[in-house]
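A.B. asks: Kindly return the folded structure for what I paste below:
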Amino acid sequence: MSKQESEQEQEEILVWQKDTWGNYGQHSNKYTFVIDLTTLETKAIYELVTVRHVNQDSRKNLHRYTYAKLSDITSKLQGKVLKQVNDYASSSRKTVNVKYYLVTQQGLKELETEKGLRDSEGFYDKVKVNGKTLIVRKDKVEISA
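C.D. replies: Alright, predicted model coming up:
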């Protein structure tokens, strides 16, 4: 690997992953979504920034990775919120973790979040950003009253 390729990979971050193994649905997946604070729309990150896909599938399993340049994210998505979902399943256990980040000129700042709350509409997360509280559900985002 050349020095130039090494520097390019250092400034990239993993934004999408699909990794499978075994016979019982074991997987490690990562998804990154962008929440626009003005329109309250959620889109996949690969719809908004240039990404690089790496496909290392074997005959039996999937090993797919998508990378985006951090500089591209900070310039194109400044003031927006990144929602990063990590989905892991072994043969006996499944976990889903969610983290939220505010995109600033300096990089990504993790946001204060209350996760796994529930009401009559289902599960949601409360995310505090710029003095507002967002209610983030799987399919929609709204501002808390």
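A.B. asks: what's around N23, how many residues?
C.D. replies: N23: 7 surrounding residues under other C-beta atoms under 10 Å. Where C-beta positions appear, they are placed from N, C-alpha and C, glycine not excepted.
A.B. asks: looking at this, it is in a helix?
C.D. replies: No - using DSSP: H, G, I helix; E, B strand; the rest coil, the assignment for N23 is coil, not a helix.
A.B. asks: Next, give phi and psi for it.
C.D. replies: phi -110, psi 0 (degrees, to the nearest 10).
A.B. asks: go on, K80?
C.D. replies: Dihedral angles (degrees, to the nearest 10) for K80: phi -100, psi 170.
A.B. asks: these two touch, right, it and F33?
C.D. replies: No - using C-beta atoms under 8 Å, K80 is not in contact with F33, being 10.1 Å away.
A.B. asks: Now do the same contact list for D57.
C.D. replies: Listed by C-beta atoms under 8 Å, 6 or more residues apart in numbering, the contact partners of D57 are H63, R64.
A.B. asks: and it, that's in a helix?
C.D. replies: No - D57: not assigned to a helix; according to three-state DSSP it is coil.
A.B. asks: Can you read off the pLDDT for it?
C.D. replies: pLDDT recorded at D57 is 93.
A.B. asks: Against H63, how distant is it?
C.D. replies: Distance from D57 to H63, counting by C-beta to C-beta, to the nearest Å: 6 Å.
A.B. asks: Now D125, what are its backbone angles?
C.D. replies: Torsion angles, degrees, to the nearest 10, at D125: phi -120, psi 150.
A.B. asks: gap between it and I135?
C.D. replies: 8 Å.
A.B. asks: Next up, the contacts around Q17.
C.D. replies: S28, N29, K30, R64, Y65, T66.
A.B. asks: so the third one bridges to which residues?
C.D. replies: What that stands for is K30. Counting by DSSP bridges, K30 is bridged to Q17, N86.
A.B. asks: give me the number of residues near it?
C.D. replies: 18.
A.B. asks: The last one too?
C.D. replies: Here the neighbour count serves as a burial measure; for T66 (other C-beta under 10 Å) it reads 21.
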